[in-house]
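K.L.:
Predicted model and sequence follow; I will ask about them next.
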Amino acid sequence: MRCTFPVLVALGASLLASTAVQAKGHPQADKQVLDLAKQAIALRSVRGPGNKTPQVAQLFRDALVKAGWDAADIEIVPLDDTAYLIATWKGSDPSLGPVVLSAHMDVVEAKPADWERDPFTPVVENGYLYGRGSSDTKFEAALALSSVIELRREGYKPRRSIVIAYSGDEETTMDTSKVIAQRLKNAGIVLNIDGASGTLSEKTGKPLFWSWQGGEKTYMDYKVVVTNPGGHSSAPRPENAIVQLSEAMARIGAYHFKPELNDITREYWTQAAKIEPDPGLAAAMKAFVANTDDAAALAVLRANPATAGRIGTTCVPTMISGGHAPNALPQSATANVNCRIFPGHSRAEIMAELEKVAATPAAKFSDATGDESVEAPASPMRPEFVAAARKAVTAAWGPVPIIPTQSSGASDSMWYRALGVPSYGASASMIKESDEFAHGLNERVPLLNVSPGVTYYLSLLKDLSAK
């Protein structure tokens, strides 16, 4: 799923980005991208009755077999009502960890009555491909797969194996995501192509910047419960579950975790400061990199919703309920605290800190996240990846600014990173902020991404699989 970065989008008016490079064309691959994307969108791959994710996997398998893959090198593995796909193009040196292309074939639900066009009938209109999954992430999955086929068609021989690994429930339980990561824990590098990585100008439609994602904050929910004996409301007691819980939540809401940096976020702030048009915000970014405890810089960054979540761990009360009758003292009150934990901290560590901040012995904390999230370190700033990505982006789009990011959302990358496998969010596509409708109504993707996207993947995969 794509995570947008409003602070970077705001930079657009000040950037003099070039038009996309008119690279060598690949008409066969270009046509296949659109054909496969349209066929995949037409398959309603939504968790539950009638889930057609296995059919999407079969669609991609058939394309690979037709292109020369040995059927024995392609697996479609059922799991519950979904399935995942692993297809291997064997390299010349099996001792090297493979290059993995990671995406997902499932999509979130879409109600046709709410859309202007049927979400599961692909429509090409005014330079866009409309349909559920067009931007998240069937178009990109088709683009990458078609590019791998083109690479083989050109006679390229990879030294490292190239593995296409598409999960089937990234939007829900991520069970296939976990299984795939375990199976591919020997990977040399993972390229997570989930969603667009670049942003186009609202005015000109030209590329403004491209970002790659090297880390994710850990998603966590903590349940907080205060219980009392209760009683008649006409006889108040000193301890009231609703009051106690409210006071604890107020303390948590006002609390700031320790600001911190890692290699990814340090580079993000450094590069973003260079092109930030607001002098005050740019100065705060630079000051934060120089000193994470700079009070003036923190005040500026925390006041901006687009930057507040990048400073460190954040925890916010999101739900609250309590009481059982309007004329009775509450016997219990419950709240949910949602946290996005900066890489390097454990669930237990953050819960212990919240308990101290709440300073309410009667408030009992518990981990309510389940197994749909995992603690994962940020991926390292590997020079070979950074260089290959810059070369590929430049070949596809021209010399646009490139900014590393750390996401507050969740993707399949966390399962690889938790196993020590470096994973990078690095798709080929660019999109305007105003065209970002992933998970929403009238989802779409600009088709101007097709030719540059093929150029990008050919360059990136050659460089990373040759070493």
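P.N.:
Nice, thanks for sending it over. Residues are numbered from 1 along each chain as shown.

K.L.:
Could you use CA atoms for every contact and neighbour count after this?
P.N.:
Fine.

K.L.:
Just the element for residue 139, please.
P.N.:
helix 138-153 (DSSP states H and E).

K.L.:
what's the answer for residue 353, then?
P.N.:
helix 347-358.

K.L.:
Show me what that helix is packed up against.
P.N.:
On a contact count with 3 or more C-alpha pairs under 8 Å, 6 or more residues apart in numbering; DSSP states H and E, helix 347-358 meets helix 241-254, strand 363-367.

K.L.:
any idea which of those is most buried?
P.N.:
Burial of those is given as mean neighbour count (mean count of other C-alpha atoms under 10 Å); helix 241-254 ranks first at a mean of 19.

K.L.:
quick one: average confidence on that helix?
P.N.:
When pLDDT is averaged along helix 241-254, the result is 98.

K.L.:
Report the secondary structure state of residue 171.
P.N.:
Under DSSP: H, G, I helix; E, B strand; the rest coil, residue 171 falls in the coil class.

K.L.:
Correct me if wrong: it contacts residue 106.
P.N.:
Yes. The pair formed by residue 171 and residue 106 meets the contact definition of C-alpha atoms under 8 Å, at 6.8 Å.

K.L.:
Counting neighbours, go ahead and name the busier of those two.
P.N.:
Set residue 171 next to residue 106 and count neighbours by other C-alpha atoms under 10 Å: residue 106 wins out with 34 against 21.

K.L.:
on that earlier part again, got the contact list for the helix holding residue 353?
P.N.:
Residues outside helix 347-358 that contact it (C-alpha atoms under 8 Å, 6 or more residues apart in numbering): 220, 222, 247-249, 251-252, 255, 341, 365-367, 375.

K.L.:
just the residues you listed now: which is nearest residue 152?
P.N.:
residue 375 (36.8 Å; C-alpha to C-alpha).

K.L.:
what's around that closest one, how many residues?
P.N.:
Counted with other C-alpha under 10 Å, residues neighbouring residue 375 total 21.

K.L.:
do the same with residue 436
P.N.:
As a measure of burial, residue 436 has 21 neighbours, counting by other C-alpha under 10 Å.

K.L.:
ok, it touching residue 442?
P.N.:
No. Residue 436 is beyond contact range of residue 442, at 9.7 Å (criterion: C-alpha under 8 Å).

K.L.:
How about the secondary structure of residue 221?
P.N.:
Three-state assignment for residue 221 (three-state DSSP): strand.

K.L.:
my guess is it contacts residue 365, does it?
P.N.:
No. With contact defined as C-alpha under 8 Å, residue 221 does not reach residue 365; the gap is 10.3 Å.

K.L.:
could you dump the host helix or strand of residue 456 to CSV, C-alpha only?
P.N.:
Applying DSSP H and E as the criterion places residue 456 in helix 450-465. Below are the C-alpha coordinates for helix 450-465, written out as CSV (Å, rounded to 0.1, in the frame of the first residue of the first chain):
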residue,chain,number,x,y,z
VAL,A,450,4.1,1.9,-18.8
SER,A,451,7.1,2.6,-21.0
PRO,A,452,9.3,4.3,-18.3
GLY,A,453,8.3,1.5,-15.9
VAL,A,454,9.7,-1.2,-18.2
THR,A,455,12.9,0.8,-18.7
TYR,A,456,13.2,1.1,-14.9
TYR,A,457,12.8,-2.6,-14.1
LEU,A,458,15.1,-3.7,-16.9
SER,A,459,17.9,-1.4,-15.6
LEU,A,460,17.3,-2.2,-11.9
LEU,A,461,17.0,-6.0,-12.3
LYS,A,462,20.1,-6.2,-14.5
ASP,A,463,22.2,-4.3,-12.1
LEU,A,464,21.1,-6.2,-9.0
SER,A,465,21.1,-9.7,-10.4
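
K.L.:
Can you give the distance from it to the centre of its chain?
P.N.:
Centroid separation for helix 450-465 versus its chain: 20 Å, with C-alpha atoms, centre = their mean, to the nearest Å.

K.L.:
Please name every helix or strand in contact with it.
P.N.:
Contact partners of helix 450-465 among helices and strands, from 3+ C-alpha pairs under 8 Å, 6+ apart: helix 27-41, strand 99-104, helix 138-153, helix 383-397.

K.L.:
Which residues outside that helix are in contact with it?
P.N.:
Residues outside helix 450-465 that contact it (C-alpha under 8 Å, 6+ apart) are 20-21, 23-26, 29-30, 33-34, 98-99, 143-144, 146-148, 150-151, 158-162, 384-385, 388-389, 391-393, 395-397, 428-429.

K.L.:
Next, the angle from it to helix 383-397.
P.N.:
Angle of helix 450-465 versus helix 383-397, following axes from the mean of the first three to the mean of the last three C-alpha atoms, to 10 degrees, is 160 degrees.

K.L.:
If you count neighbours, what's buried in helix 450-465?
P.N.:
Across helix 450-465, burial judged by 16 or more other C-alpha atoms under 10 Å covers 450-465.

K.L.:
Would you state the strands of the stretch 51-200 of the chain in chain order?
P.N.:
74-79, 82-89, 99-104, 123-125, 128-130, 162-167, 189-192, 198-200 (DSSP state E, counting those that start in this stretch).

K.L.:
out of those, deepest packed?
P.N.:
Most buried of the strands of the stretch 51-200 of the chain, by mean neighbour count (mean count of other C-alpha under 10 Å): strand 99-104, with a mean of 28.

K.L.:
Just the CA trace of that one, in CSV.
P.N.:
What follows is strand 99-104, C-alpha atoms only, in CSV (Å, rounded to 0.1, in the frame of the first residue of the first chain):
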residue,chain,number,x,y,z
VAL,A,99,16.6,-10.8,-6.1
VAL,A,100,13.0,-11.0,-5.1
LEU,A,101,10.2,-8.9,-6.6
SER,A,102,7.5,-8.6,-4.0
ALA,A,103,3.9,-7.5,-4.6
HIS,A,104,0.4,-8.6,-3.7
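
K.L.:
Any regions of the stretch 151-300 of the chain where pLDDT drops low?
P.N.:
Under the criterion pLDDT under 70, the flagged ranges of the stretch 151-300 of the chain are 196.

K.L.:
Residue 78 is in contact with residue 58, correct?
P.N.:
No. Under the criterion of C-alpha under 8 Å, residue 58 makes no contact with residue 78, lying 11.4 Å away.

K.L.:
Is the closest residue to residue 444 other than its chain neighbours bridged to anything, and to what?
P.N.:
Leaving aside its chain neighbours, residue 444 sits nearest to residue 130 (4.3 Å; criterion: C-alpha to C-alpha, 6 or more residues apart in numbering). Beta-bridge partners for residue 130, by DSSP bridges, are residue 123, residue 444.

K.L.:
could you measure residue 130 against residue 120, distance?
P.N.:
Using C-alpha to C-alpha, to the nearest Å, we find residue 130 at a distance of 9 Å from residue 120.

K.L.:
And residue 90, by the same measure?
P.N.:
Here residue 90 is placed at a distance of 34 Å from residue 120 (C-alpha to C-alpha).

K.L.:
what's the answer for residue 420, then?
P.N.:
Going from residue 420 to residue 120 by C-alpha to C-alpha gives 37 Å.

K.L.:
For those two, indicate the residue with more neighbours.
P.N.:
More crowded of residue 420 and residue 120, by other C-alpha under 10 Å: residue 120, with 21 against 16.
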